[in-house]
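# sequence plus the predicted model coming up.
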Protein chains: 2
Amino acid sequence: MTPVITAFAASPDRGRGLARDMGVRWACEEVGLDYDVRLVSFAEMKQPAHLARQPFGQIPTYEAGDLMLFESAAILLHIAERHAGLLPADADARARAIVWMFAAVSTIEPPIVEREQTGHAERDAPWYEARLPLLDARVRTRLAALSQRLGDADWLDGDFSAGDLMMVQVLRRLAGEALLAEHGNLAAYVARGEARPAFARAFAAQLAVFTAQSAAH
Amino acid sequence: MTPVITAFAASPDRGRGLARDMGVRWACEEVGLDYDVRLVSFAEMKQPAHLARQPFGQIPTYEAGDLMLFESAAILLHIAERHAGLLPADADARARAIVWMFAAVSTIEPPIVEREQTGHAERDAPWYEARLPLLDARVRTRLAALSQRLGDADWLDGDFSAGDLMMVQVLRRLAGEALLAEHGNLAAYVARGEARPAFARAFAAQLAVFTAQSAAH
């Protein structure tokens, strides 16, 4: 059966592929898995029907028959375990790829999101400018360590894996920012991810939603 | 072979079991897996030998023969996949348990850590008091949704799983705080986790490290 994912009816990133459905779409494209999309509005996301799918009122979700999943990294792992192309066959290498999935969402992403949220929620606060160096420093500490580990390798541990997919997608939140450009190898790593044909197909699919919705309004 | 985990030589939580080795110890105890512990000082954590294990200079790591893992949730999943007791046998239920592992570390934990870090890094800043309601609100939003989903169930999805272990361990960072007490079912959920014999054994093991180190200084 074709799984159904949920995505923003009106993505706040205006089609830049930063919403969390992008990682799931990309994973589906990497493994050749067809999927359908149910678009949800911000109002619908907080209604009982969607909260039954996703208790925090977010996207994406992944529905396949009786199975309903959320958390984009968990969905990625579910897809990667059932379709070849996103996890190594070797058990140890597979465990290390999963390490990078968790590192992406729980070590690298939180300071990036904290910095982003501050930009949204506290831009007019009197302390906004004074706090920026602190927020930048938290992101820098993580990126420096990641850059050091990546070195001149193409991917974090051998071949491209779900760990790289998740990490590139997290780092894309910093696209065009000096923080990312400070590490040439990380900027190149993101570019390498974005150059994958599966990424391009996923990106086009989410952009088409934004374009269609914009045209309709 | 007996795996080796790393833990703080001097845990900043003074033996309260909030350091991230606690979840790994707890998982080992749940499944009956013996483990050895290598203690690392704060200075050692930033040295090349430890950075080779853990690129971000943190604990815990998990070493078994040639395999070296980090990220406590990834270590938990590795253990849970190889030993009965932390993941359901049913494939769909297993996928949902993994969802809760990711939800714990990437949806629930980040606002809790952000609030904690602010207490450490910005307590003397002129804006500290003014920002507290914002930080509390971010945590409250997540806890309210989690409380709603848990309802009057014992665990998040059927029997106790690695998802519950990770979630309880994340919520324990709020132990004794009003934010957690606001949701009676979440406080009871944490207490239920802490009442497990495996939790007690893991807690005692990490406390013994703190007690021994304190006595030696």
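Now that the structure is in, tell me what you want to look at.
# from the chain's centre, how far out does the lengthiest helix in chain A sit?
The longest helix of chain A (DSSP state H) is helix A:128-150. Offset of helix A:128-150 from its chain centre (C-alpha atoms, centre = their mean, to the nearest Å): 19 Å.
# got it, and stretch A:22-30?
10 Å.
# kindly report the same for stretch A:172-179.
Relative to the centre of its chain, stretch A:172-179 is centred 14 Å away, using C-alpha atoms, centre = their mean.
# what mean pLDDT does it have?
Average pLDDT, stretch A:172-179: 95.
# same question, stretch A:73-87
Computed over stretch A:73-87, the average pLDDT equals 98.
# with just CA atoms, put it into PDB.
C-alpha atoms of stretch A:73-87 as PDB (Å, rounded to 0.1, in the frame of the first residue of the first chain):
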ATOM      1  CA  ALA A  73      13.800  10.800  12.100                       C
ATOM      2  CA  ALA A  74      11.700   7.800  13.300                       C
ATOM      3  CA  ILE A  75       9.800   7.800  10.000                       C
ATOM      4  CA  LEU A  76      13.200   7.800   8.200                       C
ATOM      5  CA  LEU A  77      14.400   4.900  10.200                       C
ATOM      6  CA  HIS A  78      11.200   3.000   9.600                       C
ATOM      7  CA  ILE A  79      11.600   3.500   5.800                       C
ATOM      8  CA  ALA A  80      15.300   2.800   5.900                       C
ATOM      9  CA  GLU A  81      14.800  -0.500   7.700                       C
ATOM     10  CA  ARG A  82      12.300  -1.700   5.100                       C
ATOM     11  CA  HIS A  83      13.900  -0.500   1.900                       C
ATOM     12  CA  ALA A  84      17.500  -0.800   0.700                       C
ATOM     13  CA  GLY A  85      19.600   2.300   0.200                       C
ATOM     14  CA  LEU A  86      19.700   4.200   3.400                       C
ATOM     15  CA  LEU A  87      21.400   1.900   5.900                       C
END
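# which residues touch it?
A:5, A:23-24, A:27-28, A:30-33, A:60-62, A:69, A:94, A:97-98, A:101-102, A:104-105, A:161-162, A:165-166, B:95, B:98-99, B:101-103, B:106 (C-beta atoms under 8 Å, 6 or more residues apart in numbering or on different chains). In this view, the C-beta of every residue, glycine as well, is placed from N, C-alpha and C.
# please check the residues you listed and keep the buried ones.
A:5, A:23-24, A:27-28, A:30, A:33, A:60-62, A:69, A:94, A:97-98, A:101-102, A:104-105, A:161-162, A:165-166, B:95, B:98-99, B:101-103, B:106 (16 or more other C-beta atoms under 10 Å in any protein chain shown).
# now the angle from the host helix or strand of residue A:76 to helix B:72-82?
If you go by DSSP states H and E, residue A:76 is part of helix A:72-82. Helix A:72-82 runs at 30 degrees relative to helix B:72-82, counting by axes from the mean of the first three to the mean of the last three C-alpha atoms, to 10 degrees.
# OK, contacts around the residue in chain A sticking out farthest from the centre?
Centroid-distance maximum for chain A: residue A:126 at 31.6 Å, with C-alpha atoms, centre = their mean. Contacts for residue A:126 (C-beta under 8 Å, 6+ apart) come out as residue B:127.
# part of a strand, is it?
No: assessed with DSSP: H, G, I helix; E, B strand; the rest coil, residue A:126 is coil; it does not lie in a strand.
# from residue B:107, how far out is it?
From residue A:126 across to residue B:107, the span is 30 Å (C-beta to C-beta, to the nearest Å).
# go on, residue A:156?
From residue A:156 to residue B:107 the distance is 23 Å (C-beta to C-beta).
# what of residue A:64?
Taking C-beta to C-beta, one finds residue A:64 at 21 Å from residue B:107.
# re earlier: run the angle between the helix or strand following the longest helix of chain A and helix B:72-82 for me.
For helix A:128-150, the following helix or strand on the C-terminal side (DSSP H and E) is helix A:162-171. Relative orientation of helix A:162-171 and helix B:72-82, computed by the same axes, to 10 degrees: 160 degrees.
# which residues touch helix A:162-171?
Here helix A:162-171 has contacts from A:22-23, A:26-27, A:30, A:72-73, A:76-77, A:80, A:86-87, A:96-101, A:103-105, A:108-109, A:112, A:146, A:155-157, A:180, A:186, A:189-190, A:192-194, using C-beta under 8 Å, 6+ apart.
# before we move on, the earlier item: next, the buried residues of the helix holding residue A:76.
For helix A:72-82, by 16+ other C-beta under 10 Å, it's A:72, A:73, A:74, A:75, A:76, A:77, A:78, A:79, A:80, A:81.
# per-domain residue ranges of chain A.
The record's domain parsing of chain A by automatic domain parsing lists A:4-85+A:198-216, A:91-196.
# among the ones you listed, which comes closest to residue B:130?
Closest approach to residue B:130 among these is made by domain A:91-196 (7.5 Å; C-beta to C-beta).
# now the closest one, how far from the centre of its chain.
Centre-to-centre, domain A:91-196 and its host chain are 11 Å apart (C-alpha atoms, centre = their mean).
# doesn't residue A:39 belong to a strand?
Yes: membership of residue A:39 in a strand is supported by three-state DSSP.
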